[in-house]
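> I need the structure of the sequence given here:
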Amino acid sequence: MAIDNSVNVSEAPERESMEFDVLIVGGGPAGLSAAIRLKQLAAEKNKELSVCLIDKGAEIGAHILSGAVIDPRALNELLPNWQQMLPSELTTVTEDRFLLLKEQKASRLPLALLPASLKNSGNLIGSLGQVCAALASQAEKLGVDVFAGFAATEILYDDEGTVIGITTGDMGLDKSGNPTSLYQPGMNLLAKMTFFAEGCRGQLGKQLIERFDLDSGRGKQTYGLGLKEIWQIPKPQHQAGLVVHSIGWPLDSRTYGGGFAYHYGENLVAIGLVVGLNYENPYLSPFDEFQRLKTHPSLSAFLKGGKRISYGARTLVAGGLAALPELSFPGGALIGDDAGFLNAARIKGSHCAVKSGALAAEALFESMNDDVIDYARFKTEYRQKFERSWLYRELHQTRNFKPYMKKGLYLGSLLFGAEQLLLKGRTPWTLKLKQADHECLQEAHNFQPIDYPKPDGVLTFDKPSSVFLSNTNHEEDQPCHLKLKDNHVPTKMNLPKYAAPETRYCPAGVYEIVSIEDQPKLQINAQNCLHCKACDIKDPTQNICWTAPQGGEGPIYQGM
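This is a model prediction of the structure:
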C-alpha cells in the first residue's frame, strides 16, 4: 500500500497558489512531448492555453537515465527538426550484435534468428538527458512555463474527488520536520487537467493507481533495474554505431536480464546491465553483477585503457500491455512510464513515452469546450487514440515477452522467438504475470551467499566511487525521504528471513545493517539515493516507500 499524501483542497493549509489550464508533473520525454503538443494545437486553433511543467531535478535532464538507443519515430512526428536542436549529433546505429555469454566465452547469435524487436536499424545512440533538455527549450519557446527543481509531493482533490492539481514540497525543514531559517513552504499548483509523467514507479502515480483502482483486472506490473556507466575509450577500440546486447552470464538462467554496450559520440561507450526485479535470490546484487559483466572478454576488450566518466541507475517499468492500468481519472491522466509505456522486448521506452504524451494532449483538446473539460470524453478519447495508434500495435505484438521470460532464459527465449518469428505476435492469447516483483523474492535459507570479487579500481568499482560520478547531492539536515512504515521490520523480518536484501538491491549503498549496542539496526544513507526506486519495488515486506526529497536534489547526470 502506498503512503497517500492526497489532500482535499478545502482542508489544505494556507499556501500560495498558481492556476493553469494544464499542469504536467515530470520533465521527461512524456511530459515534454505533451507540453509541446498542447502548445502546437493551441497555436493551430488560435486558442489561449496556459501550460506549466515542473520537474524535481535541478535542471531538465538531470534525473534522466536511459541506455540510450532511441527510436526516433515519435519525435519525428512531434518535431521533424528535433535533432537540429541538440548540442551534438546523435550516432546512427551501424551494426547489431547479440551475444549469449558463458563465463569466458561468447556465442554470437545470427541476426536472422532474432525477432524484429531486437534489431536497431534506423535508430540513434546518444543522451536522452540532452534530448530532454532540448525539448524543454522548445517547450519554453512555445510558451510553456517550465520549472525545474520543484518536487510534487501531494495530490490535491476537490470535494467530489476530482484531481485539481498538486502541492510542491516544503524546503528548509530539519530532520525532525521543523522549519529552519531557510524554510520555504511549497505551493499549490492548480489546473483543470493534470498529466502525471513522473517516470517509472512515480510517487504520485502509485497513489493514483491505488485510489482509483486503475489496475483492476490487469496483470501484475513488473520492473527492471538498469545500471549504466559511460566510458571514454581509446579510438582504435571504438566502433561508432555498434550496438551490442548480451544475455546469460553473469546472471543465472532463472534470472531475467541482459547487458548492453553502445558505441557513440567521440569515443564513448555506454555500458550497462538490466536485471529484472522479479529475481528470487536475496543474495543477488545487481550492482556487483554489473561489475562482473564488464570483466567478460567480449566487453572488457572495448574498455581496456579507457576511463569511466559517469555512473547511474534507475528502474524501468516492463509489464507491457497486459499490465497497463486505466490511463485516466477525473482531473488527470498517466503518461509515459508513470503508466507503463515501455517495450521491454525492445529495451526501449522513450518513443513510447513521447507518443503517449502527444496522444494525451490530442485527446484533451478534443475534450475541451469553451475551456470546460469533459473528463468522461477525455477518458474515451485517450483510450481510443492509444488503441488506434502504432504504439498500441507495437506493444500488442510483444505483449507476452515478460510472461515468457518468467519461464527462464532458454525456454522463455525460445517461446518468444517462435511467437515473433513465426506468428509476428499474432497469437490468440495474452499472458499476464500473477506475482509482483517483491513477492518473487525467496527466503535466504534456500540460497548460498554470492562471493563477489573485490573491485580492482580499473575495470570494476565500488558503490561509493560510483555514486560520486553521478553528482548526487542531498541536504543531510532534512526529513528522510525514504520512509519506513514500521521501523522494526528491517531487523525483525527482512534480516532474519531474507538476509537484509535492501543492502544488495540498492545500487547506491543507501541501506546498511549496523550494530548499535550489539543490536542490528538499518541505517539509511539517504544522501546517496539515486532516485532509482528499486527499494520501493523490491522490498519483500513493502515496508519502504520512496518519496521525493527537496526539489533540485538527487543526481545531476551528465550526458546520460
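> so where do the helices sit in the stretch 201-350 of the chain?
Here the stretch 201-350 of the chain has its helices, by DSSP state H, counting those that start in this stretch, at 203-211, 286-293, 297-303, 350-366.
> how about the stretch 401-550 of the chain?
Taking DSSP H, counting those that start in this stretch, the helices of the stretch 401-550 of the chain run over residues 401-405, 409-423, 437-440, 463-469, 489, 495-498, 502-505, 534-538.
> can you put those in TSV and add mean pLDDT and distance to residue 558?
All C-beta atoms are positioned from the backbone trio N, CA, C, and that covers glycine. Formatted as TSV, the helices of the stretch 401-550 of the chain follow (pLDDT from 0 to 100; distance: least, CB to CB, whole Å):
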stretch	mean pLDDT	distance to residue 558
helix 401-405	91	32
helix 409-423	89	34
helix 437-440	98	30
helix 463-469	97	9
helix 489	97	37
helix 495-498	98	35
helix 502-505	98	25
helix 534-538	98	22
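> mind checking which of those is nearest residue 104?
Nearest of the helices of the stretch 401-550 of the chain to residue 104, taken as CB to CB: helix 409-423 at 18.3 Å.
> where's the residue nearest to residue 49 when sequence neighbours are not counted, which helix or strand?
Leaving aside its chain neighbours, residue 49 sits nearest to residue 42 (4.1 Å; criterion: CB to CB, 6 or more residues apart in numbering). Here residue 42, judged by DSSP states H and E, is contained in helix 29-44.
> quick one: list the elements packing against that helix.
Here helix 29-44 touches strand 17-25, strand 51-55, helix 73-78, helix 128-141, helix 350-366, going by 3 or more CB pairs under 8 Å, 6 or more residues apart in numbering; DSSP states H and E.
> now those as JSON lines including distance to residue 272, mean pLDDT and mean neighbour count?
Listed next are these as JSON lines, based on distance: least, CB to CB, whole Å; pLDDT from 0 to 100; neighbours: other CB atoms under 10 Å:
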{"stretch": "strand 17-25", "distance to residue 272": "27", "mean pLDDT": "97", "mean neighbour count": "22"}
{"stretch": "strand 51-55", "distance to residue 272": "23", "mean pLDDT": "98", "mean neighbour count": "27"}
{"stretch": "helix 73-78", "distance to residue 272": "22", "mean pLDDT": "98", "mean neighbour count": "19"}
{"stretch": "helix 128-141", "distance to residue 272": "13", "mean pLDDT": "97", "mean neighbour count": "21"}
{"stretch": "helix 350-366", "distance to residue 272": "15", "mean pLDDT": "97", "mean neighbour count": "27"}
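> how about the ones you listed, which one is nearest residue 527?
Of all the helices and strands packed on helix 29-44, strand 51-55 sits nearest to residue 527, with 20.5 Å by CB to CB.
> and the contacts of the closest one?
The set of residues external to strand 51-55 that reach it, using CB atoms under 8 Å, 6 or more residues apart in numbering, is 18, 20-28, 31-32, 35, 38-39, 63, 136, 139, 143-150, 152, 168, 189, 191.
> the inter-axis angle of that strand versus helix 29-44?
Strand 51-55 and helix 29-44 are oriented at 170 degrees to each other (axes from the mean of the first three to the mean of the last three CA atoms, to 10 degrees).
> if we can go back for a sec, possible to save the helices of the stretch 401-550 of the chain as a markdown table with mean neighbour count?
As requested, those are arranged in a markdown table below (neighbours: other CB atoms under 10 Å):
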| stretch | mean neighbour count |
| --- | --- |
| helix 401-405 | 25 |
| helix 409-423 | 16 |
| helix 437-440 | 18 |
| helix 463-469 | 17 |
| helix 489 | 18 |
| helix 495-498 | 17 |
| helix 502-505 | 22 |
| helix 534-538 | 25 |
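> for residue 520, find the nearest of the ones you listed.
Closest approach to residue 520 among the helices of the stretch 401-550 of the chain is made by helix 495-498 (6.0 Å; CB to CB).
> kindly format the C-alpha coordinates of the closest one as CSV.
Output of helix 495-498 as CSV, limited to C-alpha atoms (Å, rounded to 0.1, in the frame of the first residue of the first chain):
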residue,chain,number,x,y,z
LEU,A,495,17.3,-9.5,8.2
PRO,A,496,16.5,-13.0,9.5
LYS,A,497,14.2,-14.1,6.7
TYR,A,498,15.8,-12.5,3.6
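> point out where this structure drops to low pLDDT.
By pLDDT under 70, the weakly predicted segments of the chain are 1-13.
> many thanks, we can stop here.
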